[in-house]
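Engineer: The sequence and its predicted three-dimensional model are supplied below.
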Amino acid sequence: MTDTIKSLSSLLTEGKTSSVELCQDYLARIERLNPALNAFVTVDAEKTLLDAAAADALRAAGNAGPLTGVPIAHKDIFCAEGWLTTCGSKMLSNFVSPYDAHVIEQFKAAGMPCLGKTNMDEFAMGSSNETSYYGPVRNPWDPSRVPGGSSGGSAAAVAGRLAPAATGTDTGGSIRQPAALTGITGLKPTYGVVSRYGMIAFASSLDQAGPMATTAEDCGLLLNVMAGFDPRDSTSLERGKEDYTRDLNLPLAGLKIGLPREFFGAGLSGDTARAVEEAITQLKKLGAQTVEVGLPNSNLSVAAYYVLAPAEASSNLSRFDGVRYGYRTPEYKDLTEMYEKTRAEGFGSEVKRRIMIGAYVLSHGYYDAYYLQAQKLRRLIAQDFVEAFKQCDVILGPTAPTTAFKLGEKTADPVEMYLSDIYTIAVNLAGLPGMSLPCGFDAQGLPIGLQLIGDYFAEARMLNVAHQYQMASDWHTRAPTL
Amino acid sequence: MQWETVIGLEVHSQLSTKTKIFSGTSTAFGAEPNSQACQVDLALPGVLPVLNKGAVERAIKFGLAIGAKLNRTNIFDRKNYFYPDLPKGYQISQFTLPIVEAGELTVQVGEGEKAVAKTVRITRAHLEEDAGKSLHEDFHGMTGIDLNRAGTPLLEIVSEPDMRSAKEAVAYAKALHTLVTWIGICDGNMQEGSFRVDANVSVRPLGQTEYGTRREIKNLNSFKFLEQAINYEVRWQIEQIEDGHRVVQATVLFDPDTGETRMMRSKEDAHDYRYFPDPDLLPVQLEEDWIEQVRATLPELPQQKQARYQADLGLSAYDAAVLTSSKWTADYFEAMLASTGESQAKACANWVTGGLAAYLNQTSNSPDQCPVTPGQAAGVVRRVADGTINGKIAKEIFDALWKGEGTDADQIIESKGLKQVSDSGAIEAIIDEVLAANAKSVEEFRAGKEKAFNALVGQVMKASKGKANPAQVNELLKKKLGAG
């Protein structure tokens, strides 16, 4: 039985349960399963139950919103007042945030208790959740396998039903790829729809927060809470509030689905290709048509991304210097040594690798050859999508080339790891919305993810397609046995 | 060998916004350390900058005032380097596309009627945030960090290497200081660091077209230090070259105690700042409407006033320059003029550039503490003009007003009985007395000593307690002595 936030909201509305009871149930499940999964960095039952009691009081007073009392877990990248906020790093292993991120404020205002802070790749740099200072997260479908990353803790928590929903962030696929590898539904909105204020920056021009849940409908409900203009983020878009669930029940007749030929070539595993094909067949039955589209520059997206994202990261992570907060090396002779040792000891190797790459591509004499070239590629990649959307309403393909891989399988070869995001990265470079939803299982019983890519601000349309598919399939209702 | 000095200046002008350039924290000077540093200024994880439009408006105002090109799209870049008082590990500045480019400022170099006009080209002016302060003195073996100043808006104004002497550099820096305070974008307080100058100095053999190797003198916070530092640096560079050494590109500091410059870092130690566009901030778009709104707030500029004073009021270039040396001075002069009428422009100018300036200098009072109002000063000028008093008595009245001995010129003239004596009979009576008492001078005059005449005039004026009409005294005395 899958408890969606939609169903939990009904139970609360009907008075069949209270937020305190719900939270107690989830906390008990976390206590039982988290030691094996390592999905949470911080759990604080006392805080959660205070939130829950407040939500129940709000409901008793007749002031409940649609999701008041429904608990949610937050990726440890969001600053939350009074909570340890580590970003998966030793560097912030002692950082208790004095303020709330915009996303956290929004969920607080909606009356949704925080179940805890979820594990993640260090500073969101990784595709397997193996770079976390707090250790790897295990995939609930097979504990010897990774849950994907960087929002691996959030994905595992939702997949293992340790939380009905969670927040994630997606810089190159960090919501969609772990959603695919754990069999849940996750959405990355159009860049600028959700404020980045209080979300610890990895690559500012690519980072975007989004919901992770078991259904598309839940993702729509959560996006309603998260989205909205925030004057504290200059890249936040000034648009009117919209209801992202408004189109969920539209029929798919006449829908044009673009299939990029570049997404169905070599490198895609047989099971994944088969499951995606079956999903297409299903959508056609629902009235959709398909059209082949080209994204000719998408093969360059991983290369462009691994110039641009590290460049921004190298600068964004400069503030972690041991001066004002966070980790500081215990012994040092002078300022230079304090910086060097603090950063050498406080950051893990993947973070250091990306800082080095970023500093290199921005340095004098290399900037034009790398950074500027990558920016040009970025524009070409975005232009490909503009052309493609002249022919179709949504684009469809696999989320990840393979299903969940074994812990340690790709840690020795960073490039192989980077290729896990080959289908998701172009979406971030273009700033488009994208989502992943379950579309089957491979021969080993591991979930397979289907990716939908929408045009700018077409989240509602994308959710409509996903919801109609989920109404006609049951992949999303399947949960691992724990 | 004849040497030529080449100087370019970079001026950091603190913009007079109430809050910081990327956060809502106050910019007021002198608060308790770190009491004006919010989570954005502290660079906590996850915070983001939001541009203060007031800072952009001030930059636009400056660009318009120097006839510069305003980049309709300009962008903020990150300048990356580590320092404890730089919380983010990068400074947000403008590198490739600054807000202001290609303006100029014409300044008067030299004193009095010998002053010459010099036009200095301004390469660019860009917006950036200031860093905090590192305090090394008060903590044993440790450094204190005060982030109150972090994020204060600065306009960095970069000139072309157009100046050829310390005097020209100082004249340009002063004119720039006048301009930024005049248009109200900077309070100009140099003690508090609101206006700081870096000087790029090099020397070359006279006639050589390529520039010599420059050294940059950092953070000069007074015009006196600017002049001293450049003069020292020029001598030092010439000596180096004449002794057979090369000047190595470097950044140097000026020590006011020794009057010398000393090396801070050489070019080899220079940072690679890894500039790139700040992805947290959108490009700044300057809409025409916005520029026009700002233009409408620009006051008449010093140079425009100078031209008008010369053309319409017949003042000299020197007077016009001195009168426009600050907004306060020009306002004072124009308030006097409004009361006396334009026919008294020269007399008003004389008071402002002469007596008033001298008084202010002597007492080292700041202009806002000036005890004589323009209306009071104009009252004195009017009474000279209508012959009620002469110039000597006028000084006495100004003096009395300065000391607070009276409310206005007429009241002081009345109470001290200073009205000019223009009655020929009365003056003749005084002359007769003086001639009788100074037979020796009379004799000398008759023997051909012209000076003796002036001595006699002086005696008559003295006997009249300064009140006699000087022109009449001259005329009547000449007549009496039979010289007329």
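Structural biologist: Cool, got the structure. Numbering: from 1, shown residues only, chains lettered A, B, ... in the order given.
Engineer: For the closest residue to chain B within the stretch 301-450 of chain A, which residues are in contact?
Structural biologist: The minimum distance from the stretch 301-450 of chain A to chain B, using CB to the nearest CB, falls at A:Ser318 (2.4 Å). Just so you know, the C-beta spots here come from the backbone N, C-alpha and C atoms, and that holds for glycine as well. With contact taken as CB atoms under 8 Å, 6 or more residues apart in numbering or on different chains, A:Ser318 is in contact with B:Asn80, B:Phe82, B:Lys88, B:Gly89, B:Tyr90.
Engineer: closest to B:Gln411 among these?
Structural biologist: Taking CB to CB as the measure, B:Lys88 is the one of the contacts of A:Ser318 closest to B:Gln411, at 62.8 Å.
Engineer: of all of the stretch 101-250 of chain B, which residue lies closest to chain A?
Structural biologist: B:Ile145 (6.9 Å).
Engineer: Please identify the buried residues of the strand or helix carrying that residue?
Structural biologist: Using DSSP states H and E, B:Ile145 sits within strand B:144-146. Taking 16 or more other CB atoms under 10 Å in any protein chain shown as the basis for neighbour counts, the residues of strand B:144-146 that come out buried are B:Ile145, B:Asp146.
Engineer: Equivalent analysis for stretch A:284-291, please.
Structural biologist: Residues of stretch A:284-291 classed as buried: A:Ala288, A:Thr290 (neighbour count, 16+ other CB under 10 Å).
Engineer: mean confidence score for it?
Structural biologist: If you average the pLDDT over stretch A:284-291, you get 97.
Engineer: what's the first-to-last distance across it?
Structural biologist: Distance between the two ends of stretch A:284-291: 11 Å, counting by CA to CA, to the nearest Å.
Engineer: Give me the contacts around it.
Structural biologist: A:251-259, A:280, A:391-392, A:396, A:465, A:468-469, A:472.
Engineer: Neighbouring strands - and their directions - for the helix or strand following the strand holding B:Ile145?
Structural biologist: Going down the chain from strand B:144-146, the next helix or strand is strand B:153-159, by DSSP H and E. Take DSSP bridges as the rule and strand B:153-159 pairs in its sheet with strand B:3-14 (antiparallel), strand B:116-129 (antiparallel).
Engineer: give me the element the residue in chain A sticking out farthest from the centre is part of.
Structural biologist: Among the C-alpha atoms of chain A, the one most distant from their mean position (CA atoms, centre = their mean) is that of A:Lys333, at 41.1 Å. Element membership for A:Lys333, per DSSP H and E: none, as it lies in no helix or strand.
Engineer: distance of it from B:Met142?
Structural biologist: Distance of A:Lys333 to B:Met142, given as CB to CB, to the nearest Å: 13 Å.
Engineer: swap in A:Glu337?
Structural biologist: From A:Glu337 over to B:Met142 the distance is 15 Å, taken as CB to CB.
Engineer: Check A:Phe320 too.
Structural biologist: When A:Phe320 is compared with B:Met142 (using CB to CB), they lie 21 Å apart.
Engineer: and the two? which has more neighbours close in?
Structural biologist: A:Phe320 (27 against 8; other CB atoms under 10 Å in any protein chain shown).
Engineer: quick one: the more buried one and A:Met91 touch, right?
Structural biologist: Yes - under the criterion of CB atoms under 8 Å, A:Phe320 makes contact with A:Met91 at 4.8 Å.
Engineer: between the two, what contacts are shared?
Structural biologist: When contacts are counted by CB under 8 Å, 6+ apart, A:Phe320 and A:Met91 are jointly contacted by A:Gly326, A:Tyr327, A:Arg343, A:Gly346, A:Phe347.
Engineer: Dump those residues into JSON lines; add pLDDT, distance to A:Ile104 and secondary structure as well.
Structural biologist: Written out in JSON lines, the entries for those read as follows (pLDDT from 0 to 100; distance: CB to CB, whole Å; DSSP: H, G, I helix; E, B strand; the rest coil):
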{"residue": "A:Gly326", "pLDDT": "97", "distance to A:Ile104": "19", "secondary structure": "coil"}
{"residue": "A:Tyr327", "pLDDT": "98", "distance to A:Ile104": "23", "secondary structure": "coil"}
{"residue": "A:Arg343", "pLDDT": "97", "distance to A:Ile104": "27", "secondary structure": "helix"}
{"residue": "A:Gly346", "pLDDT": "97", "distance to A:Ile104": "24", "secondary structure": "helix"}
{"residue": "A:Phe347", "pLDDT": "98", "distance to A:Ile104": "25", "secondary structure": "coil"}
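Engineer: Contacts only, for the residue sitting nearest the centre point of chain A.
Structural biologist: Of all residues in chain A, the one closest to the mean position by CA atoms, centre = their mean is A:Ile175, 2.2 Å from it. By CB under 8 Å, 6+ apart, the contact list for A:Ile175 reads A:Ser151, A:Gly168, A:Thr169, A:Gly186, A:Leu187, A:Lys188, A:Gly210, A:Met212, A:Ser436.
Engineer: Per-residue pLDDT of the closest residue to A:Phe347 other than its chain neighbours, please?
Structural biologist: The spatially closest residue to A:Phe347, leaving aside those adjacent along the chain, is A:Met91, at 6.0 Å (CB to CB, 6 or more residues apart in numbering or on different chains). A:Met91 carries a pLDDT value of 98.
Engineer: close enough to count as contact, A:Met91 and A:Tyr325?
Structural biologist: No - in this structure, A:Met91 sits apart from A:Tyr325 without contact. The criterion is CB under 8 Å, and the distance is 9.7 Å.
Engineer: and those two? which has more neighbours close in?
Structural biologist: Neighbour comparison, A:Met91 and A:Tyr325: the larger count goes to A:Met91, with 28 against 20 (by other CB under 10 Å).
Engineer: how would you label the more buried one: helix, strand or coil?
Structural biologist: Remark: A:Met91 carries the secondary structure label helix [criterion: DSSP: H, G, I helix; E, B strand; the rest coil].
Engineer: separation between A:Gly88 and chain B?
Structural biologist: A:Gly88 sits at a distance of 12 Å from chain B (criterion: CB to the nearest CB, to the nearest Å).
Engineer: ok, that residue - contacts?
Structural biologist: A:Gly88 neighbours (CB under 8 Å, 6+ apart): A:41, A:76-77, A:119-124, A:131-134, A:150.
Engineer: got the residues you listed as TSV, with secondary structure and neighbour count columns?
Structural biologist: Written out in TSV, the entries for the contacts of A:Gly88 read as follows (DSSP: H, G, I helix; E, B strand; the rest coil; neighbours: other CB atoms under 10 Å in any protein chain shown):
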residue	secondary structure	neighbour count
A:Val41	strand	26
A:Asp76	coil	30
A:Ile77	coil	33
A:Asn119	coil	32
A:Met120	coil	35
A:Asp121	coil	32
A:Glu122	helix	29
A:Phe123	helix	32
A:Ala124	helix	30
A:Thr131	coil	26
A:Ser132	coil	28
A:Tyr133	coil	22
A:Tyr134	coil	20
A:Ser150	coil	35
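Engineer: of those, closest to A:Leu362?
Structural biologist: Ranking the contacts of A:Gly88 by separation from A:Leu362, with CB to CB as the measure, puts A:Phe123 on top at 17.7 Å.
Engineer: wait, that closest one sits on A:Leu317?
Structural biologist: Yes - counting by CB under 8 Å, A:Phe123 does reach A:Leu317; the two are 6.6 Å apart.
Engineer: list the residues that contact both of those two?
Structural biologist: In contact with both A:Phe123 and A:Leu317: A:Val351, using CB under 8 Å, 6+ apart.
Engineer: Just confirm A:Ser89 contacts A:Asp121, I think it does.
Structural biologist: No - no contact is recorded between A:Ser89 and A:Asp121 when judged using CB under 8 Å, the distance being 9.7 Å.
Engineer: residues from the stretch 251-400 of chain B in reach of chain A?
Structural biologist: Taking CB under 8 Å from any CB of the partner chain as the test, the list of the stretch 251-400 of chain B residues beside chain A reads B:Asp272, B:Arg274, B:Tyr275, B:Phe276, B:Pro279, B:Asp280, B:Leu281, B:Leu282.
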